[in-house]
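Trainee: Whatever this is, show me its structure:
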Amino acid sequence: MGILAVTETTHSMERIRAGASAAAAKVALFDFDGTISVIRSGWVDVMAPMMIEILLDLKTGEAESELRTIIQEMIWRTTGKETIYQMMDFAAHVAQRGGAPLDAREYKKMYLDRLWDVIKGRIDDLRQERVPPQQYMVPGVRQLLEGLRERGLKMYLASGTDEIYMREEARLLGVVPFFAGGVYGAQEDYQSFSKKILIQRILSQTDVRGEEIVGFGDGYVEIEEVKLVGGVTVGVATKEPACAEVDDWKRQRLIGAGADFIVPNYLGHEKLLHSLFAL
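Mentor: Residues are numbered from 1 along each chain as shown. Now for the predicted structure:
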């Protein structure tokens, strides 16, 4: 189905595809970073400069602005996938330019070390309860989760971030109890888990059909995978870290991936739930 003209817009929700409905949904699949949590807000501003810096050192003659465009597009295309895949793609860019790439796991460690410098204060504030969890959550998400649970949906949380880290962050935000289906993240054996694998497991091990899944995410991967099995999707095109308005760049790409609805946050959760589940 092609993208239809916008038929409904509010301060909190934009309907992209007329007739999209999750009225039959039994399962809700959520991404974590940027969809529920903003603990890692700014991660792109850590990953992209690291990659650009390495490519500039190869002295290929490419302008920094040109490399920035290439890297930003690569990061977007892989947002939602396990971090190791982003590093594998980056290693390929190094090799294509005649460089000798490090192992993708080394690039991943380099990135995570830099990211930790950015987020360690946030994690410590949450651990010491110096700030409320809501400070690092997309506004309105707890009310949305409560509304979905009241409707009887079984919820799953899936992230491209390493499971050992995202489980701790989800615990600190107090959202783990909502996800009766489980909390899943990237594994050391990166081929053993992905959002696609989780969706296929739901379809094969339960009586849920693809069209009975509603997905929430801020990245290409989770939106595309839910749409591929016939589900309905909500693209969270929020401009981090304030999450007060739509990021137009994210919006366009989420629509391209197949988002049925676009929201900047969940402050309009009642309107969103009504639009998703109205018969």
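
Trainee: and residue 230, how many neighbours does it have?
Mentor: 11 (other CB atoms under 10 Å). Backbone N, C-alpha and C define where each C-beta goes, glycine included.

Trainee: tell me the SS of it?
Mentor: Applying DSSP: H, G, I helix; E, B strand; the rest coil to residue 230 yields a three-state assignment of coil.

Trainee: Distance check, it against residue 28.
Mentor: Residue 230 is 15 Å from residue 28, where distance means CB to CB, to the nearest Å.

Trainee: Repeat that for residue 245.
Mentor: Residue 245 is 24 Å from residue 28, by CB to CB.

Trainee: Which of those two has more residues huddled nearby?
Mentor: Each of residue 245 and residue 28 has its neighbours counted (other CB under 10 Å); residue 28 has more, 26 against 12.

Trainee: got the contact list for stretch 260-277?
Mentor: By CB atoms under 8 Å, 6 or more residues apart in numbering, the residues outside stretch 260-277 that reach it are 8, 10-17, 20-23, 25, 138-141, 143-144, 147-148, 151, 214, 232-239, 243-247, 251, 254-255.

Trainee: Which among those residues count as buried?
Mentor: The neighbour-count test (16 or more other CB atoms under 10 Å) marks 12-17, 20-22, 25, 138-141, 144, 147-148, 214, 232-239, 243, 246-247, 251, 254-255 as buried among the contacts of stretch 260-277.

Trainee: among these, which are in helices?
Mentor: Cross-referencing these against helices under DSSP state H gives 141, 144, 147, 148, 251, 254, 255.

Trainee: List just the nearest of the residues you listed to residue 131.
Mentor: Nearest to residue 131 among these: residue 141, at 16.1 Å, using CB to CB.

Trainee: which residues touch that closest one?
Mentor: By CB under 8 Å, 6+ apart, the residues touching residue 141 are 35, 36, 175, 265, 266.
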